[in-house]
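Chemist: Sequence and predicted structure below; questions after.
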Amino acid sequence: MNKKIEESINNFFESVMVLQNEHVIQTKDYANDIYKVIAKEKFGYESTPVTSNNCPNKQPCKLNRDIIHEKVIIVLGPVSNLKHEVNNKEILFYEVTIEEIERSATVNGKDFILMKDFFVDRKPNNIYKLD
């Protein structure tokens, strides 16, 4: 990943935090594309599905059961309420198998639902640090 992209990602998340505090941004979907780029270019996850949670409120992590075959990368963004410890300067990447998800998740229609307790004793596989 080139320096310009890394600097832009860092600046972007600083701006997002300001906009969330001002209640301008109220969803998480904008960030998933960025997480996919970081997962691929920094950590080598080429074809593994990536899903994310960056909600500061009590939203669980929802995983579409149709896209998960063997494993998935779950990303907890800077302000995700699912983090064990609050750190707005880190993006956490978890490589999780379908077996782990099936043991821990509840099912709601086509979604697996993971709550904060899934991540409490789990160490991330990779951490992207924001400046």
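Modeler: Yes, it's here. What you are looking at is a predicted structure, and each value in this text was computed from that prediction instead of being measured.
Chemist: okay, CA-based contacts and neighbour counts for the rest of this
Modeler: Fine.
Chemist: Residue 118 - nearest residue in space that isn't next to it in sequence?
Modeler: Counting by CA to CA, 6 or more residues apart in numbering, the nearest residue to residue 118 once its immediate chain neighbours are dropped is residue 104, at 6.9 Å.
Chemist: quick one: strands adjacent to the lengthiest strand in the chain?
Modeler: In terms of residue count, the longest strand belonging to the chain (DSSP state E) is strand 90-97. The pairing partners recorded for strand 90-97 under DSSP bridges are strand 71-76 (antiparallel), strand 126-129 (antiparallel).
Chemist: Mind listing what's buried along the shortest one?
Modeler: What that stands for is strand 126-129. The neighbour-count check on strand 126-129 (16 or more other CA atoms under 10 Å) flags 127-128 as buried.
Chemist: just how off-centre is it within its chain?
Modeler: Averaging C-alpha coordinates over strand 126-129 and over its chain gives two centres that are 11 Å apart (CA atoms, centre = their mean, to the nearest Å).
Chemist: Please list the residues outside it that contact it.
Modeler: Outside strand 126-129, the residues that touch it by CA atoms under 8 Å, 6 or more residues apart in numbering are 38, 43, 89-94.
Chemist: Repeat that for stretch 17-27.
Modeler: 16, 55, 79.
Chemist: Narrow those residues to just the buried residues.
Modeler: For the contacts of stretch 17-27, buried by 16+ other CA under 10 Å: 16, 55, 79.
Chemist: Out of those, flag the one nearest to residue 71.
Modeler: The shortest gap between residue 71 and any of the buried ones among the contacts of stretch 17-27 belongs to residue 55, at 22.5 Å (CA to CA).
Chemist: separation between the closest one and residue 84?
Modeler: Here the distance between residue 55 and residue 84 works out to 14 Å (CA to CA, to the nearest Å).
Chemist: same question, residue 33
Modeler: Between residue 33 and residue 84 the distance, using CA to CA, works out to 24 Å.
Chemist: pretty sure the residue nearest to residue 118 contacts residue 114?
Modeler: Yes - with the criterion set as CA atoms under 8 Å, residue 104 and residue 114 qualify as a contacting pair; they are 7.1 Å apart.
Chemist: For the helix or strand harbouring residue 15, buried residues please.
Modeler: Assigning secondary structure by DSSP states H and E places residue 15 in helix 3-21. Along helix 3-21, these residues count as buried under the neighbour rule (16+ other CA under 10 Å): 9, 13-14, 16-17.
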